[in-house]
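No letters, just coordinates:
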C-alpha cells in the first residue's frame, strides 16, 4: 500500500506522487512516515526531507511549515522546498553572508521581528548548503 506525498509551497505544488517512505525534520527530530501511519499534525522544521520511491531516495532542503499525516497521505506545507540540483551554491553563500551581516547590525533587544526574519534566512541558507555539499567529494 503506497503512501501519497504532497509537498506544497506558496509558489507551487513541488511534488505529488505515491512513495514508499518519507523522513522529515519534525519539532523533536527526524520523523519517519510509512503507509498506514497514525494520523497527526505537526510542525516542520528547517532541514532535509527525504522520500523513497522504488528504491530511489530523493532529498529536498525544506523550510518551516506544517505536516499533516493521515493513514494514506502526507501533506507538507512549507515556505521552501528545493532539490540539490536547483541550489545555486554561490548565491546561497552570498545570501548567508548578507544575513549574518544584517544580524550583526541589529541591536539586541530591538527589532525582534527583523531578527526572527534574518535568523530564518540563515537557517534556510544553511539547510540548502548542507544538502548541496553533502555529496561533494574532495
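Perfect, thanks for sending it. In this text, all values refer to a predicted model and were calculated from it rather than measured experimentally. Numbering: from 1, shown residues only.

what helix or strand does residue 59 sit in?
strand 56-62 (DSSP states H and E).

quick one: average confidence on the helix or strand just after that strand?
Note on strand 56-62: by DSSP H and E, the next helix or strand toward the C-terminus is strand 65-69. In this model, strand 65-69 has a mean pLDDT of 96.

which helices and strands does strand 65-69 pack with?
Contact analysis of strand 65-69 by 3 or more CB pairs under 8 Å, 6 or more residues apart in numbering; DSSP states H and E lists strand 40-44, strand 73-78 as its packing neighbours. Heads up, the C-betas are built off the backbone N, CA and C, glycines and all.

Indicate which one of those strands is closest to residue 17.
strand 73-78 (11.4 Å; CB to CB).

Tell me the strands beside that closest one, with direction?
The strands beside strand 73-78 in its sheet (DSSP bridges) come out as strand 3-8 (parallel), strand 65-69 (antiparallel).
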